[in-house]
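Enquirer: sequence first, predicted coordinates after that:
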Amino acid sequence: MEKFITPVIDLLNEMTPYLLLGFLVAGILKEFVPHRIYADKLSRNNFRSVLWAALFGIPLPLCSCGVIPTAASLRREGASRGATVSFLISTPQTGADSIFATASVLGIPFAICRPVVALVTALAGGCAVNRWDKDENGKMPITCATEEAQKSFWKKCADMLRYGFIEMMQDIGKWIVIGLIVAAIITVAVPDDLFTKLSTLPLLNMIVILAISAPMYLCATGSIPIAAALMLKGLSPGAALVLLIAGPATNMAAMLVINKILGRRTLVIYLLSIIIGAISFGLMIDYMLPSKWFIPANCGSHCDLCNEASTPWWQITSTLIFISLLVIAFMLRICKSKKTEIQKSFKINGMMCNHCKANVEKALANIEGVASVRVDLGKGIAYIDGKNIDKDKVIATIKALGYEYIEQ
């Protein structure tokens, strides 16, 4: 048990100060950067719109499921197909929180590589879509109200803190914990020389990692401890980068939704951009850059620098704050899910995070006759209160967001 728990504690102490800072930055981006600005710059079938989409997406803390409804919203607001794909590729690979956490665990070179790769793959995918699968009818019409309500400065500050330290914690806290547990299992159970034996075949390493990680749901931040643990077992830095790119950027649910919203050709371009970009940059790191740049900062039981006595007080404090916020966030979710169910309920498949929840609530609230909407994310049910609600409109709205309505 000591061998299992120690890596978890070590990684927590390394990550939590940067995670807390990243959550704060995420809240600032959410509340103080108007969402409408994104759509206004993404409407044309040109390189500039693709570039803006990639640059907007890189710092946003959206996972590969949460980015789907956001991208669908941008698409409805007029974003071009190429810009939408660029946003879909760049956003889940990184985020303010994951960049800070990457620097703390895997080092600054890795933290620089992640947004660079996200930018290049997003540009390649978006430009490819503009070239081979561009819009035929120009901008799409706006189908729902998207103007943001006016808020006071202090209201924005309160919402910033709630989003960063409650909603984001609810979204990715579970995946960070899972990532830490998986990292600990790897540290204890995987032989030290497993990947060392394959060190002469880095491309094979990358293909194996790609095949495993691409269909799975991996959080951009939660994948960091897994990558660190695998590197300590001999996985090459390039193969670790493939995990950090392909894992967060793709999953089976996202692929199905993209196929439904944007079409099969766009889905193929999206996947090829991520796969080719991940392997290309992985090989570049392994063959062209010094290996000493890519040594995990946290080395668990492999060195004397990671013992409890050397842990700074501010790391321990950050870990305690993080654990407290995690407990509070999930207690709030449990309490909210126990509220009395209201008038009509609609079962929705595909919602994974608070971004999905917020998009569904916002879209359903705009339907005529709807007085209030509450989505229970755990159960995947939307509860709607109102008079003369058109069930067909509700179902059509759910499907337009890229989710599946399930008859109860």
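Expert: Yep, it's here. Residues are numbered from 1 along each chain as shown.

Enquirer: only C-alpha atoms from now on, for both contacts and neighbour counts.
Expert: Noted.

Enquirer: averaged over its residues, which helix or strand of this protein has the lowest pLDDT?
Expert: None of the helices or strands of the chain scores lower by mean pLDDT, DSSP states H and E than helix 35-40, at a mean of 62.

Enquirer: quick check: L119 touching S90?
Expert: Yes. With contact defined as C-alpha atoms under 8 Å, L119 counts as touching S90 (6.1 Å).

Enquirer: more neighbours: those two, which one.
Expert: Neighbours per residue, other C-alpha atoms under 10 Å: of L119 and S90, the larger number sits with S90, 35 against 26.

Enquirer: for the more buried one, give me the pLDDT.
Expert: S90 is assigned 91 on the pLDDT scale.

Enquirer: ok so it is a helix residue?
Expert: Yes. Counting by DSSP: H, G, I helix; E, B strand; the rest coil, S90 is found in a helix.

Enquirer: surely it touches I58?
Expert: Yes. Contact criterion C-alpha under 8 Å: S90 and I58 qualify, at 5.5 Å.

Enquirer: touching both of these two, which residues are there?
Expert: Counting by C-alpha atoms under 8 Å, 6 or more residues apart in numbering, the common neighbours of S90 and I58 are P115, A118, L119.

Enquirer: for A124, see how far away the first one is.
Expert: It refers to P115. Distance, P115 to A124, by C-alpha to C-alpha, to the nearest Å: 14 Å.

Enquirer: which one of the two is surrounded by more residues?
Expert: Just comparing P115 and A124: by other C-alpha under 10 Å the higher neighbour count belongs to A124, 26 against 23.

Enquirer: my read is that the more buried one contacts I274, right?
Expert: No. With contact defined as C-alpha under 8 Å, A124 does not reach I274; the gap is 9.1 Å.

Enquirer: give me the number of residues near A214?
Expert: By other C-alpha under 10 Å, 23 other residues sit near A214.

Enquirer: OK, contacts around it?
Expert: Contacts of A214 (C-alpha under 8 Å, 6+ apart): A246, G247, A249, T250, N251, M252.

Enquirer: hmm, try it at 7 Å
Expert: Residues near A214 by C-alpha atoms under 7 Å, 6 or more residues apart in numbering: A246, G247, T250, N251.

Enquirer: give me the phi and psi angles of it.
Expert: phi -60, psi -50 (degrees, to the nearest 10).

Enquirer: show me what the helix or strand I269 falls within is packed against.
Expert: Assigned by DSSP states H and E, I269 falls within helix 264-288. Judged by 3 or more C-alpha pairs under 7 Å, 6 or more residues apart in numbering; DSSP states H and E, helix 264-288 is in contact with helix 108-132, helix 237-249, helix 252-262.

Enquirer: let's go with 6 Å and repeat that
Expert: Applying 3 or more C-alpha pairs under 6 Å, 6 or more residues apart in numbering; DSSP states H and E, one finds that helix 264-288 contacts helix 108-132, helix 237-249.

Enquirer: next helix or strand past it?
Expert: For helix 264-288, the following helix or strand on the C-terminal side (DSSP H and E) is helix 313-337.
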